[in-house]
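Asks: I would like the atomic coordinates for the input below:
(chains A and B)
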Amino acid sequence: MAYSDKVLDHYENPRNVGKMDDDDVNVGTGMVGAPACGDVMRLQIRVNDNGIIEDAKFKTYGCGSAIASSSLLTEWVKGRSLDEATLIKNKDIADELGLPPVKIHCSVLAEDAIKAAIEDVKQKRKG
Amino acid sequence: MQFPIYLDYSATTPVDPRVAAKMSECLTLESNFGNPASRSHMFGWKAEEAVENARRQVADLLNCDPREIVWTSGATEADNLAIKGAAHFYVKKGKHIITSKIEHKAVLDSCRQLEREGYEVTYLDPAESGLVSPESVAAAIRPDTTLVSLMHVNNEIGVINDIAAIGKITREHNVIFHVDAAQSAGKIDIDMETMQVDLMSLTAHKIYGPKGIGALYVRRKPRVRIEPQIHGGGHERGMRSGTLATHQIVGMGEAFRIAKEEMHSENARVLALRNRLLDGFKDMEEVFVNGDVDHRVAGNLNISFNFVEGESLMMALRDLAVSSGSACTSASLEPSYVLRAIGLNDELAHSSLRISIGRFTTEEEIDFSIGKIREAVAKLRELSPLWDMYQDGVDLNQVKWAAH
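Replies: Sure thing, here's the model as predicted:
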């Protein structure tokens, strides 16, 4: 299948690959997908005292589009507040990367991942 | 080296230049263009002679009588003709057919069609090795069974079924035995004198012949009958009508002749290349060969790199033309039904590559491929949360995944 230049760029040079300490109360982790389905995304965000996402890291098992979706997302969420980050929709990711219809689920997964990460850090901070 | 490097010989092969040369002699006005069915002039006689020569060349590879070879458009048509043709002809005896879960779609879809017509089909489970045991065939045979259809060599994992042993059982029970030999002819010895196979599907394009031509072997002693599926003109003893494509047939004949002559030396060379390839991965963690390693054709390696998804792996391997059991590109998102049927979990099926080696593969290409694959797997594992978890000692089977 043909990939867009943007997918190829993120695949060749993925941004913000890595792992954060999940025990840190300011770190939120969203792990979505399943190995059986062929994709698993782990997206992590670190939030500062003002509720701004200072840093984001990801690791993804999946096709090139899944890797690109999560890589792009880490770029987008940095510097945003948690509320702003929740506004990111899968369609924005799919449009930016030019994903074909069979790959839309990759962008859906990325949206699920950031939502899960935000929820996680909110819960941790409450507790 | 030419890029991309072709390592998908199980999908198809380039035509051998010797084959192409023979084919080009059967096209233009100056050459052998006649209709082999024309009985009234020289053009027809010459074309018929070329076709009969090719029939002998194909029969020689199988050690059978040339009159047992029926030309078709390929193995898919041969499978259809064998399965539907035999099932229809022997319908008075019964309507039960036996096959396996890892057959080619040409066989499975023909069986599905017969199910729609009211036949009953038993789909045997292969062992983890990918092999169908003769015992499982024997156990599935019933009084109303008319046909057993099994592949000689599996197209994805390359494992070789013991068709001689299975043929003994089907013959004892007076059941027709069809074998799809698309992946085995010209790669392993086939001897119809000793193998009790009744129908065998063949194709040219897997062994350096052209696409669009194949054949069905139909046994004469004891005589096997099939109902034709294509009508019109009564060519090929009434079993398959249609003007014979002289150039295609001549190409298939030449490809089979070369295979008979060079098969054993070529196998040794190809096997050495495959061993070299496999050796190149031996110090890597979590790498698995899918299917039996010993009962396997020389050119096939089906291998899973755990925690790396197949499609992204192929993306990193744009210099290599290989295929993957990960069907992430298909709409279904289902991994290979063959790998699942031999008991692979979905992750390993998604992580598989099929690398198939052939006549024109070089040592240099194999060495380059090893380097590329190692590099790509290392890079993608660095990106993989599953690899992280594995390194941290997490049992991935105990994790509750949110399937989507």
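
Asks: Now do the buried residues in stretch A:103-112.
Replies: Taking 16 or more other C-beta atoms under 10 Å in any protein chain shown as the neighbour-count basis, stretch A:103-112 is seen to contain the buried residues A:Lys103, A:Ile104, A:His105, A:Cys106, A:Ser107, A:Val108, A:Leu109, A:Ala110, A:Glu111, A:Asp112. For glycine as for every other residue, the C-beta is placed from the backbone atoms N, C-alpha and C.

Asks: and the fifth one, what is it in contact with?
Replies: Applying C-beta atoms under 8 Å, 6 or more residues apart in numbering or on different chains to A:Ser107 gives the contacts A:Ser65, A:Ser69, A:Asn90, A:Lys91, A:Ile93, A:Ala94, A:Leu97, A:Leu99.

Asks: Mind doing that once more with 6 Å?
Replies: Listed by C-beta atoms under 6 Å, 6 or more residues apart in numbering or on different chains, the contact partners of A:Ser107 are A:Ser69, A:Asn90, A:Ile93, A:Ala94, A:Leu99.

Asks: and the two most separated of the residues you listed?
Replies: Of all pairs drawn from the contacts of A:Ser107, the greatest distance, 9.4 Å, lies between A:Asn90 and A:Leu99 (C-beta to C-beta).

Asks: Between those two, which has more neighbouring residues?
Replies: For A:Asn90 versus A:Leu99, neighbours defined as other C-beta atoms under 10 Å in any protein chain shown are more numerous around A:Leu99 (24 against 20).

Asks: how close does the more buried one sit to chain B?
Replies: Applying C-beta to the nearest C-beta, to the nearest Å, the value for A:Leu99 to chain B is 13 Å.

Asks: what's the burial count for residue 81?
Replies: By default, I'm working from chain A. 14.

Asks: look at chain B instead
Replies: 27.

Asks: wait, doesn't it sit right on B:Gln229?
Replies: Yes: counting by C-beta atoms under 6 Å, B:Leu81 touches B:Gln229, with 5.2 Å between them.

Asks: Quick check: A:Asp55 touching A:Val47?
Replies: No: with contact defined as C-beta under 6 Å, A:Asp55 and A:Val47 do not form a contacting pair (9.1 Å).

Asks: quick one: pLDDT of residue 115?
Replies: No chain was given, so I picked chain A. According to the prediction, A:Lys115 has pLDDT 96.

Asks: hm, I was asking about chain B
Replies: Note on B:Glu115: pLDDT of 98.

Asks: Endpoints of stretch B:58-67, how far apart?
Replies: From the first residue to the last, stretch B:58-67 extends over 11 Å; the measure is C-alpha to C-alpha, to the nearest Å.

Asks: Quick check: buried residues in stretch B:54-65?
Replies: For stretch B:54-65, the buried set under the neighbour-count rule, 16+ other C-beta under 10 Å, comprises B:Ala54, B:Arg55, B:Gln57, B:Val58, B:Ala59, B:Asp60, B:Leu61, B:Leu62, B:Cys64.

Asks: can you pull the contacts of B:Asn306?
Replies: B:Glu286, B:Ser351.

Asks: change it to 10 Å
Replies: B:Asn306 makes contact with A:35, B:284-288, B:345, B:347-348, B:350-352, B:377, B:381, B:384, B:386-387, B:390, B:396, according to C-beta atoms under 10 Å, 6 or more residues apart in numbering or on different chains.

Asks: Return the subset of these lying in strands.
Replies: With strands taken from DSSP state E, the overlap with those comprises B:Val287, B:Phe288, B:Ser352.

Asks: can you pull out the helices in chain A?
Replies: In chain A, helices defined by DSSP state H lie at A:5-12, A:64-77, A:82-86, A:90-97, A:104-126, listed in chain order.

Asks: on that earlier part again, common neighbours of B:Leu81 and B:Gln229, please.
Replies: B:Thr72, B:Ser110, B:Met239, B:Arg240.

Asks: State the helix or strand in which the second one lies.
Replies: Right, the one you point to is B:Ser110. B:Ser110 is part of helix B:105-116, with elements assigned from DSSP states H and E.

Asks: Pull out the buried residues from that helix.
Replies: Within helix B:105-116, the residues that qualify as buried by neighbour count (16+ other C-beta under 10 Å) are B:Ala106, B:Val107, B:Leu108, B:Ser110, B:Cys111, B:Leu114.

Asks: which one among those residues gets closest to B:Lys168?
Replies: The shortest distance between B:Lys168 and any of the buried residues of helix B:105-116, using C-beta to C-beta, involves B:Val107 and amounts to 21.3 Å.

Asks: Contact partners for the closest one?
Replies: Applying C-beta under 10 Å, 6+ apart, we find B:Val107 in contact with B:75-76, B:79-80, B:82-83, B:99-100, B:149-151, B:178, B:180, B:201.

Asks: One more: B:Ile83?
Replies: For B:Ile83, the contact set (C-beta under 10 Å, 6+ apart) comprises B:97, B:99, B:103, B:106-111, B:113-114, B:119, B:121, B:147, B:149, B:176, B:178, B:180, B:199, B:201, B:226, B:229.

Asks: Now with 7 Å, please.
Replies: The contact partners of B:Ile83, by C-beta atoms under 7 Å, 6 or more residues apart in numbering or on different chains, come to B:Val107, B:Ser110, B:Cys111, B:Leu147, B:Ser149, B:His178.

Asks: Let me see the contact set for residue 72.
Replies: No chain specified, so I'll use chain A. Neighbour list for A:Leu72: A:His10, A:Ile93, A:Glu96, A:Leu97 [criterion: C-beta under 7 Å, 6+ apart].

Asks: oops, chain B please
Replies: Taking C-beta under 7 Å, 6+ apart, one finds B:Ala78, B:Leu81, B:Gly214, B:Ala215, B:Leu216, B:Arg240 in contact with B:Thr72.

Asks: How about B:Asp8?
Replies: The neighbourhood of B:Asp8, defined by C-beta under 7 Å, 6+ apart, consists of B:Ala321, B:Val322, B:Ser323, B:Ser356.
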